[in-house]
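Student: next input, structure requested:
(2 chains, ligands or ions: 1)
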Amino acid sequence: MSTTRRTPDAADADHRYRYLDESGHLVEDPPAVTETTLLELYESLRFARAFDERAKSLQRQGRIATYAPMAGQAGAQVAAALAMDDEDWLYPTYRDNAAKFARGVDPADVLALLAGHEGDGDADARVMPEYIPIATQLPQAVGAAWTGLLRSGEPEYATLATLGDGATSEGDFHEGLNFAGVFDTPTVFLCQNNGWAISTPTERQTRSETLARKAAAYGVEGVRVDGMDPLATYVTVRRAVRKAKDDVAAVADEPADPEAVAAGPSGATRPTLVETVVRRFGAHTTSDDPSRYREEPDRSGDPLPRLETYLRGRGLLDDERVAAVGDRVETRLEAAVERAEARETDPTAAFEHVYAEPTPAVDDQRAELERLYEEYGDRVAGERH
Amino acid sequence: MSGADVDPDDRGSEDVGEAAERAPTHDRDDADAEELTLVEAVRDGLAAEMLRNDRVVVLGEDVAENGGVFRTTDGLLEAFGSDRVIDTPLAESGIVGAAIGLATHGLRPVAEVQFSGFVYPAFDQLVSHAARLRTRTRGDLTCPLVVRAPYGGGIRAPEHHSESPEAFFVHQPGLKVVVPSTPRDAKGLLAGAVRDPDPVIVLEPKRMYRATNERVPAEPYAVDLGEAAVRREGTELSVFTYGATVESTLIAADDLDADVEVVDLRSLSPLDRETIAASVRKTGRAAVVHEAPRTAGVGAEIAATIQEEALLYQEAPVERITGFDTPVPLGEAEDYHIPAALRVREGLREAVEF
Ligand SMILES: Cc1ncc(C[n+]2csc(CCOP(=O)(O)OP(=O)(O)O)c2C)c(N)n1
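Tutor: Reported below is the predicted structural model:
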């Protein structure tokens, strides 16, 4: 395949809101982000990087199934997740493991799922199961956020739903944003515009100049930010989360950088569409071969070295601390792999949790499989067992 | 142009020589059959129908530049150009809705839904419109649309990538549903679908995409929709199946100490009731095998058909060997859900020994 296209984000850097330039130097006065949060951002990003690499290698070895890497996008994910409050809910896609980990999801659970063991989402961490049918999370995140308004007239918690650029083409994107606008729900739509939906470039998704702009027509604020700058993403999402809940007035006093507000009524309404401009460094998933449709992508501006440079400059990191973070990350990851791989396939697990009470048909069929399994063991499953 | 003007046999321009040279598997210089996998045969069928009729267009997510996530449409963009092989926005309702418009106005769209699990945004367009346009306009407007979708499990895919949703579509009057199980039929049924005057859903068993090779004729040919194929003749038991379970059923039939007939339905709507009834009248016993959940699955319709058409010949109840009434489990567990040869054999044994 000879036709390759430019990465759509190459030409429009000036519309993006950022604190750190590509080499990690401040271009604005530093934002009010606590040192604890800055270090948490860093460690979460380091973990995401390590997990991504390990998952790709486990997939190559056949130890997990198809994996959607996050390289280039983990900064936006981690920043958004850490900008949420504990009571808020995350509605993630299949690519958002970094956000899930930052909210406390156990990486062993994610690896186990990738290895084919049921069990997704984490109600304690307030993280929904990953959404694979594109954009379906959006109306649901709106409904979840709306609950508080209907129950008590006040937002009880915000929801943050992630989505890709491709997702903005689905009907559920429209329906979700429209409901959010009409009912003024405390919802943050976190779009990671990585320029591609598998092989389809963003300019094949929309003629709109930016994705953030789409918010305006719904009466939703639209903000465009450099998603590879974790600081700018954190500040933007933090503001959106506060605005979503009862801080509309407070936030109105500190509007987003006017450069950043691409569209919509700044500060006046609860929902926000945050377009983080990111790059997908690698393949769509481990099943994808991007050389068929694009040139080698620009991998500059990687959020991890960018943040590290900044934190070293501020004296929050030095070689020793960087190494200590690396050790903690490795230990945590090793333990997760070990726990995930200890899981075994249970042929009858599929019959559980289909209904609160199994139906007679489900019970009969389970008994049927159990009878065969008792007699033939794994041969019931065919040649591969 | 209104739908009424469309000649279903319109061959479009005769000047197909140049495209023919560029068409992916049409660079064969003889008319001989070639060994193709099922996925190659779908591609060959698409190219053949596109050459035959320049109104045939292919559209969907990642079908052009990338050649489809399974490479089903690989090379078609180069051969036929970007007005006939079209990467769309990520929007199934948009794809199918637009394809309905194209079909009504004289084109022959073949829309790809990347996985059958993602067809639901388009469900409204299919059941509320594609299926009913002919009825609502008393035949004035028609919708000769093809929707292709890979379906079924067995490739260790993530959630929503392994389902078998055929019963939803079979249940909708006005839609036709076909399922190839072999490379030859993949090409022939696709052609039959493209040439059919009504909307047809082609569900392609993705587990079989690269599982076998078969000699597939180079020239265009169509399998008539609604005709089952007897894959193995027998006198003691009739087994009705389709898609990827044809293979496990044939293995099971070989394994069993009985003379088993295996019928590949190929078309689920319309259903070949005549072949089903004739087979059961001959054998007196029947079983159905499919991967989809049992409750209200296609097997239930077959059992009812047998009961209506061959009751007095039946020596045993119709045995159903199917996926369970649960979501398709992930990972290795899917192999217990999809009827493997041993499970099929045990089911067939019940029917024989009843
Ligand atoms: C409704 C639906 N259609 C198609 C797919 C297949 N699919 C999986 S990911 C993907 C591209 C998504 O692109 P985007 O929304 O930009 O997110 P990204 O993967 O780039 O993070 C497609 C088409 C799907 N999962 N769901």
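Student: how about the nearest residue to residue B:273 once chain neighbours are set aside, what does it touch?
Tutor: Setting aside the residues directly before and after it, residue B:273 is nearest to residue B:305 in space (CB to CB, 6 or more residues apart in numbering or on different chains), at 5.4 Å. Any C-beta I mention is one placed from the backbone N, CA and C, and that applies to glycine too. Residue B:305 makes contact with B:271, B:273, B:276-277, according to CB atoms under 8 Å, 6 or more residues apart in numbering or on different chains.
Student: and residue B:305, what element?
Tutor: Residue B:305 belongs to helix B:298-310 when elements are defined using DSSP states H and E.
Student: buried ones in that helix?
Tutor: B:298-303, B:305-306, B:309-310 (16 or more other CB atoms under 10 Å in any protein chain shown).
Student: next structured bit after it?
Tutor: Counting by DSSP H and E, what follows helix B:298-310 is strand B:319-323.
Student: near chain A at all, the next helix or strand after that next one?
Tutor: Next along the chain after strand B:319-323, taking DSSP H and E as the criterion, comes helix B:334-337. Yes. If you take CB under 8 Å from any CB of the partner chain as the test, helix B:334-337 does meet chain A, through B:334-337.
Student: and the residue of chain B nearest the ligand?
Tutor: Here chain B gets closest to the ligand at one residue, residue B:118, 3.5 Å apart by CB to the nearest ligand atom.
Student: returning to what we had before: most neighbours, which of the contacts of residue B:305?
Tutor: Scoring these on neighbours with other CB atoms under 10 Å in any protein chain shown, the highest-scoring entry is residue B:276 at 23 neighbours.
Student: the strand ranked longest in chain B: how far from the chain's middle?
Tutor: Criterion DSSP state E: the longest strand present in chain B is strand B:286-293. Offset of strand B:286-293 from its chain centre (CA atoms, centre = their mean, to the nearest Å): 16 Å.
Student: next, the angle from it to strand B:319-323.
Tutor: Here strand B:286-293 runs at an angle of 20 degrees relative to strand B:319-323 (axes from the mean of the first three to the mean of the last three CA atoms, to 10 degrees).
Student: assess the claim that the residue of chain B closest to the ligand and residue A:166 are in contact.
Tutor: No. Applying CB atoms under 8 Å, one finds residue B:118 not in contact with residue A:166, separated by 11.9 Å.
Student: quickly list what's touching both of those two.
Tutor: If you check residue B:118 and residue A:166 against CB under 8 Å, 6+ apart, the residues they both contact are residue A:134.
Student: who has more neighbours out of those two?
Tutor: residue A:166 (26 against 20).
Student: so who does the more buried one touch?
Tutor: By CB under 8 Å, 6+ apart, the neighbours of residue A:166 are A:134, A:196-198, A:200, A:205, B:89-90.
Student: contacts with the ligand among those residues, please.
Tutor: Residues of those in contact with the ligand (CB under 6 Å from any ligand atom): A:134, A:196-198, B:90.
Student: could you turn the buried ones of those residues into a PyMOL selection?
Tutor: Applying 16+ other CB under 10 Å to those, the buried members can be selected in PyMOL as follows:
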select buried, (chain A and resi 134+196+197+198) or (chain B and resi 90)
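Student: turn the ones next to the ligand among the contacts of residue A:166 into CSV, columns for secondary structure and distance to residue A:309.
Tutor: Formatted as CSV, these follow (DSSP: H, G, I helix; E, B strand; the rest coil; distance: CB to CB, whole Å):
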residue, secondary structure, distance to residue A:309
A:134, coil, 35
A:196, strand, 27
A:197, strand, 32
A:198, coil, 33
B:90, coil, 36
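Student: what about residue A:313, neighbour count?
Tutor: Using other CB under 10 Å, residue A:313 has 12 other residues around it.
Student: that one contacts residue A:30, doesn't it?
Tutor: No. The pair residue A:313 / residue A:30 is not scored as a contact, 10.2 Å apart, by CB under 8 Å.
Student: what's the neighbour count on residue A:159?
Tutor: With other CB under 10 Å as criterion, residue A:159 counts 31.
Student: interface residues of the stretch 201-350 of chain B facing chain A?
Tutor: Residues of the stretch 201-350 of chain B found near chain A (CB under 8 Å from any CB) are B:248, B:294-295, B:324-337, B:340-343, B:346.
Student: look up the pLDDT of the residue of the stretch 151-300 of chain A found nearest the ligand for me, please.
Tutor: Closest to the ligand within the stretch 151-300 of chain A is residue A:164: 2.1 Å, counting by CB to the nearest ligand atom. We have a pLDDT of 98 for residue A:164.
Student: does it really touch residue A:189, like I thought?
Tutor: No. Checked against CB under 8 Å, the pair residue A:164 and residue A:189 is beyond contact range at 11.5 Å.
Student: so for these two, which residue has more residues nearby?
Tutor: Neighbour count, other CB under 10 Å: between residue A:164 and residue A:189, residue A:189 has more, with 33 against 29.
Student: now name the helix or strand holding that one.
Tutor: Taking DSSP H and E as the criterion, residue A:189 maps to strand A:187-193.
Student: please name every helix or strand in contact with that strand.
Tutor: Applying 3 or more CB pairs under 8 Å, 6 or more residues apart in numbering or on different chains; DSSP states H and E, one finds that strand A:187-193 contacts helix A:74-83, helix A:137-152, strand A:159-164, helix A:171-183, helix A:230-244, strand A:272-277.
Student: other residues contacting the second one?
Tutor: It stands for helix A:137-152. Identification of contacts with helix A:137-152 by CB under 8 Å, 6+ apart yields A:89, A:91-93, A:128, A:131, A:154-163, A:167, A:172-173, A:175-177, A:179-180, A:183-187, A:189, A:244, A:271.
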